[in-house]
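Colleague: with the input below, show me the fold.
(one chain, ligands or ions: 2)
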Amino acid sequence: MTGYVCKYTPVEIIRAFDEGVCRIEPKVKSVEKAMSLTHPNMCSFMKGALEEIIRENINEIILVNCCDSIRRLYDILRGKVKFIHIIDLPRKITGSAYSLFYRELLHFIGAYEAYKGKKFDLNKFKKVLAEHKMENACKGKCVAVFGGRLNDGVIENIKRRCNLDVVNLTCTGISRPSKVGQEGDLIFSYAKALLNLPPCMRMAEDRSKLLDDLNLKGVIYNTVKFCDFYSFEYTSLKKTSNIPILKIETDYSDSNSGQVLTRIDAFLESLGVKRAIAHPVKSGYFAGIDSGSTSTNVVIIDENKNIISYSTVPTGARALGSAREAYRIALKKAGLKEEDIAYAVSTGYGRINIPFSNESVTEITCHGRGAFYLDKGVRTVIDIGGQDSKVIRLDDAGNVVDFVMNDKCSAGTGRFLEVMSRALEVSIEDMARAVTDFQEDIVITSMCTVFAESEVISLIARNKDRNDIIRGIHQSVASRAVSLLDRVGRSGKYMMTGGVAKNKGVVCEIEARICEKIIIPFEPQIVGALGAAVIAAEKRQE
Ligand code: SF4
Ligand code: SF4
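Modeller: Numbering: from 1, shown residues only. Ligands and ions are numbered 1, 2, ... in the order given. The predicted structure is shown next:
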């Protein structure tokens, strides 16, 4: 079986040799062996592919000189596998590019004949070409996956979650050449057809036309960690295209990270194309359960969306146990039994693991809905929770129109404040006060929580005033929130939700930076659960 990674690989030529061929799709959990053979800065796809090749003992490989990562993959594997060949792929689609690529294909055929000890059969090749099927046909409105290659598991997840056709325009999804001219040299016509596949980012071609030709509702744009090709294209598309675009970054592992799926779900929800599971909804009471990283919150409302009760418990190590406990407390406070709840919606990190909810909705949509329920004038929600921070933009009807999330690390979140309060040996409540009587303007320069903790420890060692350090910490969190805010664009009124909204110091620092007042709800931690309960109640009205 010959493994390949690129759509410009002459797969049909290998098949004409009666040989098996498969796209290398890394399914590895760790890239330990690959890391010992390559530089850590190589892209995560290349490291995953190398690990997969070692693990699956793939001994025949064909590559194209796509990028530095793939050239390094070739260097590492040369001499270690039985057969490896790299094809020089032109960057332009011109007459001389066809000739170059044609010669490259002839060279490959020669090398493969020598390795396999058999001759290339032109008639078999014609038969293989005749068997082609077109993929990616999009019948009506659709959602496109664009940008860098995306793990098959994530693509499948998008298809499962979206109620429109999903077109995969990355280098793992585009159809094989379907029309190969039969006149003249067949290999030349094939080289031409391969080069005329919809261009990937490596080709010096305008790719925006690929999107223009489709009837698109939205675009999910993937970038791969340590791959430089795609971020520029995303920035220019975002500026020039009217189609809603969601950018995600993946590490090409098969572990569809929760944050990536949360973004995808929220995007599909904002487009109104998230596949819904139909449940008959009776009258009664409605519950929202927000299973967050730090706290689990439950809100119960009646048919008129009046809040009947709510509860908050720490999530701890058992997300489901905390959800059950928060649900039990909220039901008890409301004087209700579980069977009185007509419909329950779960949200937050643990949302998909709540067996007593009827449906799960992302925390982005729920915080938006909860904030809008509390104040119809709110257009921007700043949600800073224990693990991540988000800024959500709403339209006049309370629908999410854009959002950004900081989910790569705990910088600027509740966890950051907790770590700092431990380093300073002050309680989290004491950390939450606004510092007005400061003496020195201390700036915490490290973005990373671990480095920032060391910075704070060294400030303590230098006898800096504790108040000044606390103010520096508030400023650090506020500046991260404002940079997220600037990515979606400022639009008032503003509401802050999540546990960090209780920190007056952080709120004051954000207000000072944006020169606007921020609404703080009576219980900012329950806004996501409230939004979930409102969505549950609206099920009955649908
Ligand atoms: S980016 Fe282009 S050249 Fe590189 S692997 Fe994908 S399709 Fe092939
Ligand atoms: S993800 Fe980017 S860097 Fe990695 S192989 Fe593909 S194009 Fe090259």
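Colleague: mind exporting the C-alpha coordinates of the helix or strand that contains residue 238 to CSV?
Modeller: Secondary structure assignment for residue 238, by DSSP states H and E: helix 230-240. Output of helix 230-240 as CSV, limited to C-alpha atoms (Å, rounded to 0.1, in the frame of the first residue of the first chain):
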residue,chain,number,x,y,z
TYR,A,230,-3.3,30.1,5.5
SER,A,231,-3.6,32.8,8.1
PHE,A,232,-2.9,35.5,5.5
GLU,A,233,-5.7,34.2,3.3
TYR,A,234,-8.1,34.2,6.2
THR,A,235,-7.4,37.8,7.0
SER,A,236,-7.9,39.0,3.5
LEU,A,237,-11.1,36.9,3.1
LYS,A,238,-12.5,38.3,6.4
LYS,A,239,-11.9,41.8,5.1
THR,A,240,-13.3,41.3,1.6
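Colleague: near ligand 1, anything from it?
Modeller: No: using Cβ under 6 Å from any ligand atom, helix 230-240 stays clear of ligand 1, with a minimum separation of 8.9 Å. Every residue, glycine included, has its C-beta placed from N, CA and C.
Colleague: other SSEs contacting that helix?
Modeller: Judged by 3 or more Cβ pairs under 8 Å, 6 or more residues apart in numbering; DSSP states H and E, helix 230-240 is in contact with strand 142-147, helix 208-212, strand 216-224, strand 245-250.
Colleague: buried residues in it, which are they?
Modeller: 230, 233, 234, 237 (16 or more other Cβ atoms under 10 Å).
Colleague: turn those residues into JSON lines, columns for pLDDT and distance to residue 478.
Modeller: Formatted as JSON lines, those follow (pLDDT from 0 to 100; distance: Cβ to Cβ, whole Å):
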{"residue": "230", "pLDDT": "81", "distance to residue 478": "31"}
{"residue": "233", "pLDDT": "84", "distance to residue 478": "32"}
{"residue": "234", "pLDDT": "85", "distance to residue 478": "27"}
{"residue": "237", "pLDDT": "84", "distance to residue 478": "30"}
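Colleague: quick one, the helix holding residue 238 and strand 142-147 angle?
Modeller: 140 degrees (axes from the mean of the first three to the mean of the last three Cα atoms, to 10 degrees).
Colleague: any idea how far helix 230-240 is from the chain center?
Modeller: Distance, stretch centre to chain centre, for helix 230-240: 16 Å (Cα atoms, centre = their mean, to the nearest Å).
Colleague: coming back round to it: out of the helices and strands packed on helix 230-240, deepest packed?
Modeller: With neighbours taken as mean count of other Cβ atoms under 10 Å, these reach their highest mean count in strand 142-147, at a mean of 25.
Colleague: who are the packing partners of it?
Modeller: On a contact count with 3+ Cβ pairs under 8 Å, 6+ apart, strand 142-147 meets helix 152-161, strand 165-168, helix 208-212, strand 216-224, helix 230-240.
Colleague: between the buried residues of helix 230-240, which sits nearest ligand 1?
Modeller: residue 230 (8.9 Å; Cβ to the nearest ligand atom).
Colleague: how about the residues of the protein by ligand 2?
Modeller: Residues of the chain lying close to ligand 2 (Cβ under 6 Å from any ligand atom) are 43, 45, 46, 66, 67, 69, 70, 148, 149, 224, 227, 229.
Colleague: would CSV of those with pLDDT, distance to residue 524 and secondary structure be doable?
Modeller: Formatted as CSV, the residues of the chain next to ligand 2 follow (pLDDT from 0 to 100; distance: Cβ to Cβ, whole Å; DSSP: H, G, I helix; E, B strand; the rest coil):
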residue, pLDDT, distance to residue 524, secondary structure
43, 87, 39, coil
45, 89, 40, helix
46, 91, 43, helix
66, 89, 47, coil
67, 90, 45, coil
69, 90, 44, helix
70, 93, 48, helix
148, 88, 37, coil
149, 87, 40, coil
224, 84, 36, strand
227, 81, 38, coil
229, 79, 41, coil
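Colleague: of these - the most surrounded one?
Modeller: The member of the residues of the chain next to ligand 2 that has the most neighbours, counting by other Cβ atoms under 10 Å, is residue 45 with 30 neighbours.
Colleague: that residue against residue 171, yeah?
Modeller: No: look at residue 45 against residue 171 with Cβ atoms under 8 Å: they stay out of range, at 10.0 Å.
Colleague: mutual contacts of these two, please.
Modeller: In the contact map built from Cβ atoms under 8 Å, 6 or more residues apart in numbering, the residues linked to both residue 45 and residue 171 are 148, 149.
Colleague: any stretches of the protein with poor pLDDT?
Modeller: 132-139, 174-178, 253-257, 277-282, 407-412, 424, 447, 541-542 (pLDDT under 70).
Colleague: ligand 1 contacts on that one?
Modeller: Selection of the chain residues close to ligand 1 by Cβ under 6 Å from any ligand atom yields 5, 6, 7, 8, 64, 66, 89, 149, 171, 200, 201, 202.
Colleague: can I get the host helix or strand of residue 266 as CSV, trimmed to CA atoms?
Modeller: According to DSSP H and E, residue 266 maps onto helix 258-271. Provided in CSV are the C-alpha atoms of helix 258-271 (Å, rounded to 0.1, in the frame of the first residue of the first chain):
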residue,chain,number,x,y,z
GLY,A,258,-14.0,20.6,23.0
GLN,A,259,-13.1,24.3,22.1
VAL,A,260,-13.0,23.6,18.4
LEU,A,261,-16.4,21.9,18.5
THR,A,262,-17.8,24.7,20.7
ARG,A,263,-16.8,27.2,18.1
ILE,A,264,-18.2,25.2,15.3
ASP,A,265,-21.5,24.6,17.1
ALA,A,266,-21.8,28.3,18.0
PHE,A,267,-21.1,29.3,14.4
LEU,A,268,-23.7,26.9,13.0
GLU,A,269,-26.2,28.1,15.7
SER,A,270,-25.5,31.7,14.6
LEU,A,271,-26.2,30.8,11.0
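Colleague: so how far is it from its chain's centroid?
Modeller: In terms of Cα atoms, centre = their mean, the centre of helix 258-271 is set 8 Å apart from its chain centre.
Colleague: can you check stretch 448-467 too?
Modeller: How far stretch 448-467 lies from its chain's middle: 33 Å, per Cα atoms, centre = their mean.
Colleague: what is the burial count for the nearest residue to residue 185 once chain neighbours are set aside?
Modeller: Among residues not flanking residue 185 along the chain, residue 102 sits closest, at 7.6 Å (Cβ to Cβ, 6 or more residues apart in numbering). Look at residue 102: counted by other Cβ under 10 Å, it has 19 neighbours.
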